[in-house]
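K.L.:
coordinates only, no sequence provided:
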Ligand code: BGC
């Protein structure tokens, strides 16, 4: 339990709101994670090759939802938008389970991508708008953590359904259930969100001030706290969102947009999702032959990802963003270079290399989860001027998903043309180069107010200095 400025405990209702909205993160993680365990069975059932598998993996990621969610959520409200995304999650998951061929599956994953896009834009926005100031950081981190938990739950459910579960006399290989079962948490989110209040900031925006105050009362905030929240909302609403106009007219804003886009490209080119989507395949290339070895290896990857995220949460406000990012890139770069060298030493014929290669892969996951995973999202939420924040976040989030799709869609082809070793060497090398990107272009934003960052940006300081 946290304590509010008046010393009062923050009530259960606030955590209920935080948890329910963060379920959107869980669904996002489930849909990202589930495909790694399902693909080898889909491949066998539909008798398809690498290119169709790449399309099934990446259809989720052409998340046009991100582009339209700003409009939907500002028109219909955050809560209704999350409800709509829950319904699409349910329909998409059921369509995946009943897919009659690979094209059907690609279409169903594309539909799920709309839900993921809408949810990944709206849920953090809703959380940041409804959380009392004292717990805002932890509520948004809860969303990030839920993504990694979703991924690990998907890996666990895949492992069970791939190897142990018996349905209709068949043991293992139940890819339809793997994909369909996600309809259940989506239904739980739908039911939970029905009980959530609308975002007070959105209510204000639409002129329902009384209703907004009632939401705060329902959250058991006292009069002084409500007054402070209302004042903050009124202040922030004085700044009208005019992102497009600002984009056309202001080169400093364009620099910030460019930085956000660059940061998200860097996050994806670390190679994290190569491992999130294709871990069992990588384990099999490294000589782990049985499905259960591959699946348990994947579960360990997921758990490592969750646990190492806590390192970032603990240190991001103490050590700063940049030192953690430098450490993360060095760890990620060295780890992937090691994986690449071991693969090039003909890992398939030298089983004793399998274990060190997988150890290095886990070190890479630690490097990502303690740094680029959460911190790129943090910096992207800090660098935009208030009046252009919606547009800025839309651009960087869309970039995240588009690059994510490209990485997901090219890995198997890279394996086939470059070979495993060279593919990992390439990703490893890029991680080392990203240190230079951070040195030259990225500001340290620890402990600096958003107003100060905005002022520095607009006064023309180089990007790396706008955090001073
Ligand atoms: C990234 C996702 C990735 C996840 C893994 C997020 O920060 O944006 O692409 O799958 O971390 O934990």
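P.N.:
Nice, I can see it. Quantities reported herein were computed from a predicted structural model and do not represent experimental measurements.
K.L.:
surely residue 440 meets residue 465?
P.N.:
No: using Cβ atoms under 8 Å, residue 440 is not in contact with residue 465, being 11.2 Å away. Just so you know, the C-beta spots here come from the backbone N, C-alpha and C atoms, and that holds for glycine as well.
K.L.:
flag the shaky bits of the chain, pLDDT-wise.
P.N.:
1-11, 63-66, 133-141 (pLDDT under 70).
K.L.:
now do the strands in it.
P.N.:
For the chain, the strands defined by DSSP state E cover 166-167, 170-171.
K.L.:
what's the burial count for the residue in the chain that the ligand sits nearest to?
P.N.:
Using Cβ to the nearest ligand atom, the closest approach of the chain to the ligand is made by residue 373 at 4.2 Å. Counted with other Cβ atoms under 10 Å, residues neighbouring residue 373 total 22.
K.L.:
what's near enough to touch the residue nearest to it when sequence neighbours are not counted?
P.N.:
In space, and not counting its chain neighbours, residue 373 is closest to residue 309: 6.2 Å by Cβ to Cβ, 6 or more residues apart in numbering. Residues in contact with residue 309 (Cβ atoms under 8 Å, 6 or more residues apart in numbering) are 144-145, 148, 369-370, 373-374.
K.L.:
kindly recompute the last result at 10 Å.
P.N.:
Residue 309 is in contact with 141, 144-145, 147-149, 366, 368-370, 373-374, counting by Cβ atoms under 10 Å, 6 or more residues apart in numbering.
K.L.:
among those residues, name the ones in helices.
P.N.:
Residues of these located in helices (DSSP state H): 141, 144-145, 147-149, 366, 368-370, 373-374.
K.L.:
how about the strands of the chain, which one is nearest residue 287?
P.N.:
Residue 287 sits nearest to strand 170-171 of all the strands of the chain, at 24.6 Å, using Cβ to Cβ.
K.L.:
so residue 237 versus residue 55, what's the distance?
P.N.:
For residue 237, the distance to residue 55 (Cβ to Cβ, to the nearest Å) stands at 43 Å.
K.L.:
higher neighbour count, the two?
P.N.:
residue 55 (18 against 12).
K.L.:
surely the more buried one and residue 103 touch.
P.N.:
Yes: contact criterion Cβ atoms under 10 Å: residue 55 and residue 103 qualify, at 9.2 Å.
K.L.:
for the nearest residue to residue 94 once chain neighbours are set aside, list the residues it contacts.
P.N.:
Spatial nearest neighbour of residue 94, excluding adjacent residues (Cβ to Cβ, 6+ apart): residue 183 at 5.5 Å. The contact partners of residue 183, taken as Cβ under 10 Å, 6+ apart, are 86, 89-97.
K.L.:
my read is that residue 220 contacts residue 14, right?
P.N.:
Yes: using Cβ under 10 Å, residue 220 is in contact with residue 14, at 7.9 Å.
K.L.:
and the residue nearest to residue 427 when sequence neighbours are not counted, how many neighbours?
P.N.:
With sequence-adjacent residues excluded and distances taken as Cβ to Cβ, 6+ apart, residue 427 is closest to residue 271, at 3.6 Å. Residue neighbour count, defined by other Cβ under 10 Å, stands at 22 for residue 271.
K.L.:
need the contact list for residue 411.
P.N.:
50, 53-54, 57-58, 271, 273-275, 277-278, 281-282, 423, 427.
K.L.:
so how far is residue 127 from the closest residue to residue 203 other than its chain neighbours?
P.N.:
Excluding the flanking residues, the one nearest residue 203 by Cβ to Cβ, 6+ apart is residue 212, at 4.0 Å. Distance of residue 212 to residue 127, given as Cβ to Cβ: 16 Å.
K.L.:
for residue 67, same thing?
P.N.:
Distance of residue 67 to residue 127, given as Cβ to Cβ: 21 Å.
K.L.:
quick one, helices of the stretch 201-350 of the chain?
P.N.:
Ranges of helices within the stretch 201-350 of the chain are 209-218, 223-238, 243-249, 251-269, 272-285, 291-315, 321-344, based on DSSP state H, counting those that start in this stretch.
K.L.:
tell me which of these sits most buried.
P.N.:
Of all these, helix 272-285 carries the top mean neighbour count, a mean of 24, counting by mean count of other Cβ atoms under 10 Å.
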